[in-house]
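Chemist: Predicted model and sequence below, questions to follow.
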Amino acid sequence: MKKLIIILFLFLTSSIFAQNDWYVATDGSDSNTGADIDHPWATWGKAFTSTSVQPGDTVYFRGGVYTMTVTSGWGYEIERSGTITDTLCYFNYPGEVPILDCGNVTVTGNNRNYGLSNAYKGTIINYVKFKGLTVRNVLQTDYDVECEAWHMVSGHLVFERCNVYNIGGRGFYSGFNYSDGEHWYINCDGWNCSNPQPKPPSRYLPGNRGVAFSAQNFYSTVGHTYYINCRAWKCGDQGFSPSGDQYCECDGCWAFLNGIDKGDGYGFKLGWIEFYSSSLRRVIKNCVSVYNRAHGFSTNDNGYPNVCHMNIYNNTSYHNGYFNDPDWPHASYGFKIYNTSASDAEELERKYRNNLSYANENGDISLSSGALYTHEYNSWDNPPGVTITDADFLSVDSTGITASRQADGSLPDNDCYNKFLRLSSTSLAYQAGVDVGLTYDAVDSLWRDPPSIGAYEYYSQETPEEPAVLSEITTFRPYWQTETTAISGGNVFDDGGGTVDQRGVCWSTSPLPTIADEHTTDGTGTGVFYSEMTGLNQNWVYYIRAYATNEVGTAYGNQMTFRENQILRVGNKILRLIDGRILNTMK
């Protein structure tokens, strides 16, 4: 997968020709040229529709809050495209956070409220990449209003480090009803996606259409959607909901605290299909589903005539359920697998391996009567024949689970994402799985051989010690004490990560003396020390260096010299000059 992503970005960022940059800022004007940072456009709509923007160009959105200026309900229509060799890029200005706020829109005469879309005019945009853009407050102003922050259909699109929140319905929607395409969501987050008012028929309870990431195609089997290291939380319904016949893959994704209203509250709801296909339609790997109202992972195909072929590998489902809501009549499990009316052979194409399910309200796994699936080396299987307890993990403390991502968009660097549900060294689930061809786990650690079960491989949390290097030391300028002795020394200001067990000065009449020459030994460790050199001859020139020895070897400071003495007669006194200074007088 990592190689695939690298290839993808090389493919989507290469440009044959030098291209232009464009700018949008909250203090700009759509009558500006937009061609430089001092003359930006004012609205996102201008950036998405201006014919000045060509394939290979990059449009930069400066930081700040932008108010939606379109009130039709379709939001800003994205009309510009790139090409297979010249991707069109819509990026946040480096280090800044542009936010599109749609809270001022009151839909009239329309049952849709979108933030960004390419569906109103039937436009199919291609080879466009969005990065660092946030859409918020797409609100359900009436029970019949369908809300989406991003409504994107078909085409080849990439969304990186984009966020949605406070959405009265779906956050990111990918549809492939018109034609084929690929949508990539990388390091994206969606939270507080929930419709507060139920939409008829009455089975749509409040929150029932609130999903952070949704992909659909009920017309054909075309379309591919990829979610890489994305997070979804506090949505009214599901975190991730791929429904229909397109291919969908989740890798390293997190779904937690979903089902906050009366929606189902699945972490990953894998949908149903309308058409039978012998090809693989769902791949869910290295994902984590915790604290959701309903099941962590559900096939959601109860009684359907066709079954979705899927690979569900190395995922973790923990503590789902426990909402203590009397209005929620359903049991909550880590994994839920339904029976369909498809053949037994087709149901066995649902393959579950190396998954870990623990401490879910009603159990780790539930099969509807007659449901079949292929399974081995899951925590509920034998093998591996393990019993999971809290002691199997470095931590079951999820504090920090909603923390902000790192500057490069990767998951937070905190105890939650480094330790929560990561296996301990004593866990029986460690290396208890079977090789399913995965390379990295949910936090980009290499899987061992054989791999462990769950979303994480075991790795020590101890910070490895840096190997020791030579010490660092300076030499003090020497001065004569008597006609045969002199004083010098040095300062060991860095032990190199080792232990300084010998230090002093060394000297010789030849340059660059070492401890093989005359030398002193003056204690151990770091810090200042002084050394007395004896047996000297004031008529000779000496070279001197301080030294410090640790387990790596001996380091030397800067080299100093004794200049030859000069004898001067001034009146009835003889002046002795050492290194150009008067040292004493002789009669």
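Modeler: Looks like it arrived, so ask away.
Chemist: Helices of the stretch 151-300 of the chain, residue ranges please.
Modeler: If you assign secondary structure with DSSP state H, counting those that start in this stretch, the stretch 151-300 of the chain ends up with no helices.
Chemist: if I pick the spatially closest residue to Glu347 that is not a sequence neighbour, what's in contact with it?
Modeler: For Glu347, the nearest residue in space outside its immediate sequence neighbours is Leu372; the separation is 4.1 Å by Cβ to Cβ, 6 or more residues apart in numbering. Yep, even glycine has a C-beta here, placed from its N, CA and C like the rest. The contact partners of Leu372, by Cβ atoms under 8 Å, 6 or more residues apart in numbering, come to Asn339, Asp344, Glu347, Leu348, Arg350.
Chemist: and the third one, how many neighbours does it have?
Modeler: For Glu347, the tally of surrounding residues (other Cβ atoms under 10 Å) stands at 22.
Chemist: which phi and psi does it have?
Modeler: When read as degrees, to the nearest 10, the backbone of Glu347 gives phi -60, psi -30.
Chemist: I figured Trp74 hits Leu116, correct?
Modeler: No: here Trp74 lies out of contact with Leu116, judged by Cβ atoms under 8 Å, at a distance of 9.6 Å.
Chemist: Show me which of the two is the more surrounded one.
Modeler: Using other Cβ under 10 Å, the more surrounded residue of Trp74 and Leu116 is Leu116, with 27 against 20.
Chemist: Surely the more buried one is in a strand?
Modeler: Yes: membership of Leu116 in a strand is supported by DSSP: H, G, I helix; E, B strand; the rest coil.
Chemist: Who does Ile167 form a beta bridge with?
Modeler: In this structure, Ile167 has beta-bridge partners Val138, Cys193, where bridges are defined by DSSP bridges.
Chemist: Verify the contact between it and Glu146 for me.
Modeler: No: with contact defined as Cβ under 8 Å, Ile167 does not count as touching Glu146 (11.1 Å).
Chemist: neighbour count winner among the two?
Modeler: Comparing Ile167 with Glu146 by neighbour count (other Cβ under 10 Å), the higher total belongs to Ile167, at 32 against 20.
Chemist: ok, that one to Ala232 distance?
Modeler: 11 Å (Cβ to Cβ, to the nearest Å).
Chemist: Need the overlap of contacts for the two.
Modeler: By Cβ under 8 Å, 6+ apart, Ile167 and Ala232 have these common neighbours: Gly190, Cys193.
Chemist: returning to what we had before: report pLDDT for the residue nearest to Glu347.
Modeler: Predicted confidence (pLDDT) at Leu372: the value is 97.
Chemist: Below-threshold pLDDT in the stretch 301-450 of the chain: ranges please.
Modeler: Counting by pLDDT under 70, the ranges of the stretch 301-450 of the chain that qualify are 327-329.
Chemist: what's the distance between the residue positioned nearest the centre of the chain and Arg209?
Modeler: The residue lying closest to the centre of the chain (Cα atoms, centre = their mean) is Ser410, at 1.5 Å. Noted for Ser410: a distance of 30 Å to Arg209, by Cβ to Cβ.
Chemist: likewise Leu100?
Modeler: Spatial separation of Leu100 from Arg209 under the definition Cβ to Cβ is 21 Å.
Chemist: Please enumerate the helices of the stretch 351-500 of the chain.
Modeler: Defined through DSSP H, counting those that start in this stretch, the helices belonging to the stretch 351-500 of the chain, from first to last, are 415-419.
Chemist: how about the strands in it?
Modeler: Counting by DSSP state E, counting those that start in this stretch, residue ranges of the strands within the stretch 351-500 of the chain are 356-358, 365-367, 374-376, 472-475, 479-480, 486-494.
Chemist: Ok, the stretch 51-200 of the chain next?
Modeler: Across the stretch 51-200 of the chain, reading from the start of the chain, the strands by DSSP E, counting those that start in this stretch fall at 58-61, 64-67, 76-77, 88-92, 98-101, 112-117, 128-131, 134-138, 146-153, 155-160, 163-167, 169-175, 181-186, 189-193.
Chemist: quick one: low-confidence ranges for this protein?
Modeler: In the prediction, the chain carries residues with pLDDT under 70 at positions 1-18, 108-110, 120-122, 178, 199-204, 327-329, 463, 563-587.
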